[in-house]
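Chemist: only geometry, no sequence info:
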DNA sequence: AGCACGCCGACT
DNA sequence: GTCGGCGTGCTC
């Protein structure tokens, strides 16, 4: 008797066996969605195989209801990749499949293919009398005429929101028609644009090597900021597309997409699907299906786009490969970069990992010969590398966090008509509020953290749980006055700069000023136009933005990252400093970078400034080797949290005991470290602890996890905590 | 994850 | 006597 193996969206590590549905054959079942009964309800699963007979007693077997798809939605490669990911990250296969599929498809829905277009009725083509008295409608008609009579609805309403009503009105009068068009323009030639830039030698060589690759090969494109990595990606993509192949382009943040998207469309044509998790459900499904049907040549997206189907794959690109945002941090925890490499292998295509500050993992893979390095050591055009200097702020008076030398430098660049950027990874007005009289400090009730003062909003907020309280007017500790905000935040920085340089325009870019949709893009565009001379920002300003007028970049407080608890803290800081510095001097004028610190002699700063990121990385790799840390060892982290302070330990002790008994039975060479409290023990009212697993061998760690992880859910106390297992954790916090 | 089953406390 | 608390187990 033939049995169907189905992965259902439940936290089950096994597939479930079903009798085949009454309808249809059993050819080509893998990757097809199927409606099945489950417990009292029904659900949609994905068929993963057919087999003869089942271990489940036949009276307990239930019959699958019906196929959702006539042909596989997920192709063999994607099923293989997802199955591997489920095994490696120890996450239930059904949930892994769920996270790969856009919501609509996951729920068994079908999506209308193609996009909505608006087409002018013939009556309106040559004759404008019908819209004579309606300026919006006339405008829309002009726009559509210019596009040859029809355009994408989505493009039109983003261009001008008022056209939505105008169009509806025309539609009502039968002067405009709504229709669906499938993209199907995979080989449409891009519009002839301005001549592509001439490549530097190093860029040319990189492109040639990528284009010469036959089959799977990993390239690490190690290019200093401003060295033209994007141009290399585009040239390599161009060749893949010309060969009728698809390109997957991953980047850490969708905030970087608009600039890139424009460039990609300009050079590679309109055949691009954008795929990220903020997209409305239906659009996501359409983009996903467009990739699956090879209607698009380029799939551009954030980490979840690594699960886009690529039936005609030719090349994968991962930009900013070092960026932790490429790693999913909750639920199904995976590294999009690592899975992209796996997919490239399964698909037999080259993959390019690009960064100005490659991860130590990737550099080590270059050293061991697994990856091939493509170096771009020079900036393009006339841009020179910026000079980097440290300002020792010990015993210097600070105004809003700014030392006198920094203030002078700011004045100098501003007077020369240039832009300056101040980088401070701390939103709000001040990170601490204290009482001058009694030493009281504003703390979060639910986390081991201080409350940040947000002066403009008139409250104090916890940046870890989001709790908010009004700013007290007198000290809640002693009832006296004197409440003092300590330390700088971006809001305070803004205040100080407005006072110091009132004649210049200021633009602050952090999560507080860019909460609304499109606000980040708007502010970046304003920065680009030069509307503001002073730019203030957090982390989000550090990445990839090209601002030609910017000549001075200052890191207000480098020390924040210097003594982090995580073993990757120094790597992160080095990457941050180099990336931030890379924003300066990308036009014709040389850039200057200033770092304020209380530890000018810190070896990280010394190495980084004197010898650069490469030397830092080499040195740091040696330290990692000596300490037995990744990439010279593999880690997994079991986390647990609960309202009851003891509950995490009950569970983690049980897990550690179970692990120890396993290692006694068989020599896995896996060390169990802990349980220990998490670096911020209490968060959102829950106590958190963790158990670290370490092994010299990834293979042995995997073998161990195979035996160990499967039983975690059944351990003593497992149901009293929230727990999660993180394989290859990006941070141990 | 849902959902039911099951076994002990305070209510119409 | 029952309503409901959430601990435990199962989903083919």
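Modeler: Here it is on my side, so go on. The structure presented is a predicted model; accordingly, all values stated were derived computationally and were not measured.
Chemist: Tell me who's in contact with the residue of the stretch 551-700 of chain A found nearest DNA strand C.
Modeler: At 10.4 Å from DNA strand C, residue A:644 is the closest residue in the stretch 551-700 of chain A, using CB to the nearest atom of the strand. No exception for glycine: its C-beta is placed from N, CA and C like everyone else's. Going by CB atoms under 8 Å, 6 or more residues apart in numbering, residue A:644 touches A:687, A:720.
Chemist: Name the residues of the helix or strand of chain A with the lowest mean pLDDT that come out as buried.
Modeler: When each helix and strand of chain A is scored by mean pLDDT, DSSP states H and E, helix A:153-159 comes last, with a mean of 76. Using 16 or more other CB atoms under 10 Å as the test for burial, helix A:153-159 gives A:153, A:156.
Chemist: And the next helix or strand past it?
Modeler: Downstream of helix A:153-159, the first helix or strand assigned by DSSP states H and E is helix A:163-172.
Chemist: Show the average pLDDT along that following helix.
Modeler: Mean per-residue pLDDT for helix A:163-172: 88.
Chemist: other SSEs contacting it?
Modeler: helix A:135-146, helix A:153-159, strand A:176-181 (3 or more CB pairs under 8 Å, 6 or more residues apart in numbering; DSSP states H and E).
Chemist: so how far does stretch A:83-102 reach from one end to the other?
Modeler: 18 Å (CA to CA, to the nearest Å).
Chemist: hmm, it touching DNA strand B?
Modeler: No: applying CB under 7 Å from any atom of the strand, one finds stretch A:83-102 out of contact with DNA strand B, separated by at least 8.4 Å.
Chemist: Which residue does the stretch 601-733 of chain A have closest to DNA strand C?
Modeler: For the stretch 601-733 of chain A, CB to the nearest atom of the strand, closest residue to DNA strand C: residue A:719, 5.1 Å.
Chemist: before we move on, what SS does that residue have?
Modeler: Following DSSP: H, G, I helix; E, B strand; the rest coil, the label given to residue A:719 is helix.
Chemist: circling back: mind telling me what element the residue of the stretch 551-700 of chain A closest to DNA strand C is part of?
Modeler: Judged by DSSP H and E, residue A:644 forms part of no helix or strand.
Chemist: where does it land on pLDDT?
Modeler: 87.
Chemist: before we move on, back to that, let me know the distance separating the residue of the stretch 601-733 of chain A closest to DNA strand C from residue A:662.
Modeler: 22 Å (CB to CB, to the nearest Å).
Chemist: Check residue A:447 too.
Modeler: As judged by CB to CB, residue A:447 and residue A:662 stand 35 Å apart.
Chemist: Among these two, which residue is more densely surrounded?
Modeler: Neighbour comparison, residue A:447 and residue A:662: the larger count goes to residue A:447, with 21 against 16 (by other CB atoms under 10 Å).
Chemist: Any regions of the stretch 601-733 of chain A where pLDDT drops low?
Modeler: Filtered on pLDDT under 70, the stretch 601-733 of chain A yields the residue ranges A:733.
Chemist: Tell me where the stretch 351-500 of chain A has strands.
Modeler: Using DSSP state E, counting those that start in this stretch, the strands found in the stretch 351-500 of chain A span residues A:371-376, A:387-392, A:419-423, A:432-435, A:452-454, A:459-461, A:468-470, A:483-486.
Chemist: Pick the most buried one from the ones you listed.
Modeler: strand A:419-423 (a mean of 27; mean count of other CB atoms under 10 Å).
Chemist: gap between the residue of the stretch 551-700 of chain A closest to DNA strand C and residue A:268?
Modeler: Distance from residue A:644 to residue A:268, by CB to CB: 55 Å.
Chemist: Number of residues surrounding the closest residue to residue A:226 other than its chain neighbours?
Modeler: Counting by CB to CB, 6 or more residues apart in numbering, residue A:379 is the residue found nearest to residue A:226 once chain neighbours are left out, at 4.1 Å. Using other CB under 10 Å, residue A:379 has 21 other residues around it.
Chemist: now residue A:606
Modeler: Counted with other CB under 10 Å, residue A:606 comes out at 13.
Chemist: Which residue is the nearest non-sequential neighbour of the residue of the stretch 101-250 of chain A found nearest DNA strand C?
Modeler: Here the stretch 101-250 of chain A gets closest to DNA strand C at one residue, residue A:108, 16.1 Å apart by CB to the nearest atom of the strand. Once flanking residues are discounted, residue A:108 sits nearest to residue A:44: 3.6 Å by CB to CB, 6+ apart.
Chemist: Can you name the residues bridging to the one you found?
Modeler: Counting by DSSP bridges, residue A:44 is bridged to residue A:35.
Chemist: roughly how far apart are the closest residue to DNA strand C within the stretch 351-500 of chain A and residue A:473?
Modeler: Residue of the stretch 351-500 of chain A nearest DNA strand C, by CB to the nearest atom of the strand: residue A:446 (19.9 Å). Note on residue A:446: its distance to residue A:473, by CB to CB, is 23 Å.
Chemist: do the same with residue A:283
Modeler: 48 Å.
Chemist: so how far is residue A:572 from residue A:699?
Modeler: 28 Å.
Chemist: Tell me if residue A:261 really is in a helix.
Modeler: Yes: Residue A:261: assigned to a helix according to three-state DSSP.
Chemist: Let me see the contact set for it.
Modeler: Taking CB under 8 Å, 6+ apart, we find residue A:261 in contact with A:272, A:274, A:300.
Chemist: and stretch A:132-142, how far from the chain's centre?
Modeler: 41 Å (CA atoms, centre = their mean, to the nearest Å).
Chemist: What of stretch A:516-536?
Modeler: On CA atoms, centre = their mean, the centre of stretch A:516-536 falls 21 Å from the chain's centre.
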